[in-house]
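Enquirer: Sequence and predicted model, in that order:
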Amino acid sequence: MSVEIKISLNDGIYLKDPQDSPLGRNILKHSILLIDKVGFEAFNFKKLALEMGSTEASVYRYFENKHALLLYLVAWYWGWVSYLIKINTMNIDNPQKKLEIIIHSFVSASVDNPSTEYIDENKLHNIIIAEGTKAYRTKEVDRENGKGFFKNYQQLITTVADVILEINPKFEYPYALASSLFEMSNDHLYFAKHLPKLTDIKEEQNKYSGVEHMLYYFSNKLLS
């Protein structure tokens, strides 16, 4: 029997944690499906309510606006990747092996997990690739960072940076490399699909193998 996973998030992002109720979980489920379908710009709470068979007022009980909802989804994903890294590197002592597992976790976190039935990880990954930076590349980023809204991302990057320093304690840019590996894994999947002249990665059936190889090569060259 699978154990349901709950990702801990900053309570300033939401009015009521949607993970804690059937209605809230339904909001998360349908918001992921709808944003993946129409894009964040075209998404709004009226459309979401129609998809759910509910009311806009019910959605506003959980989130002030759609930006807060996007922040929540992106922060949940960061927390999910951190969880995968923690589980997959448990009892692994070799830091190079840890980094390989971390890179694999970056690019394969989209595999759907039955223990979070209200989260379609594959469609959420699509949103992270196409819309994720919109959560923090805003005029409000400094204020929201001051409130700790990006703590999940910062914790994720710190975890990776610590492993990088285990491999090469003299490496000068562990946080830059850690964040670059994560962003590259998403950027180049997006480029391969939409802007192919910006990448050497090809869109293919196993869409993650090329990205994994690129990230392994990039990190090994810098850390050797």
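Expert: Everything's here; your move.

Enquirer: mind listing what the closest residue to residue 26 other than its chain neighbours touches?
Expert: Ranked by Cβ to Cβ, 6 or more residues apart in numbering and with sequence neighbours excluded, the top spatial neighbour of residue 26 is residue 52, at 5.8 Å. Bear in mind the C-beta positions are built from the backbone N, C-alpha and C, glycine included. Counting by Cβ atoms under 8 Å, 6 or more residues apart in numbering, residue 52 touches 26, 27, 30, 58, 59.

Enquirer: Can you report how many residues neighbour the first one?
Expert: Other residues within reach of residue 26 by the criterion other Cβ atoms under 10 Å amount to 19.

Enquirer: quick one: residue 73 from residue 90, how far?
Expert: 26 Å (Cβ to Cβ, to the nearest Å).

Enquirer: who has more neighbours, those two?
Expert: Taking other Cβ under 10 Å, residue 73 and residue 90 do not tie; residue 73 has more neighbours (22 against 8).

Enquirer: What separation do you get for that one and residue 191?
Expert: Here the criterion is Cβ to Cβ. By it, residue 73 lies 22 Å from residue 191.

Enquirer: which residues of this structure score low on pLDDT?
Expert: 1-3, 111-115, 204-207 (pLDDT under 70).

Enquirer: Have a look at it and report its longest helix.
Expert: Longest helix in the chain by number of residues (criterion: DSSP state H): helix 66-88.

Enquirer: Any idea how far that one is from the middle of the chain?
Expert: 5 Å (Cα atoms, centre = their mean, to the nearest Å).

Enquirer: ok, residue 63 - contacts?
Expert: Residues 14, 15, 27, 69, 72 are the ones in contact with residue 63 under the rule Cβ under 8 Å, 6+ apart.

Enquirer: Going through those, which ones are buried?
Expert: Using 16 or more other Cβ atoms under 10 Å as the burial test, the contacts of residue 63 include 14, 27, 69, 72 as buried.

Enquirer: Distance to residue 79 added to those residues, as TSV?
Expert: Conversion of those to TSV gives the following (distance: Cβ to Cβ, whole Å):
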residue	distance to residue 79
14	14
27	18
69	16
72	10
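
Enquirer: show me where this structure has helices.
Expert: Secondary structure of the chain (DSSP H): helices at 22-38, 45-52, 56-60, 66-88, 95-108, 121-131, 141-146, 151-167, 174-194, 209-223.

Enquirer: So which of those is nearest residue 9?
Expert: With distances scored as Cβ to Cβ, the stretch of these nearest to residue 9 is helix 66-88 (5.2 Å).

Enquirer: Check which residues of the closest one are buried.
Expert: Under the neighbour-count criterion of 16+ other Cβ under 10 Å, helix 66-88 has 66-85 buried.

Enquirer: Cross-check the contact I'm expecting between residue 108 and residue 208.
Expert: Yes. Counting by Cβ atoms under 8 Å, residue 108 touches residue 208, with 5.7 Å between them.

Enquirer: where's the residue nearest to the spatial centre of the chain relative to residue 190, distance?
Expert: For the chain, the residue sitting closest to the mean C-alpha position, by Cα atoms, centre = their mean, is residue 77 at 3.4 Å. Taking Cβ to Cβ as the measure, residue 77 falls 15 Å from residue 190.
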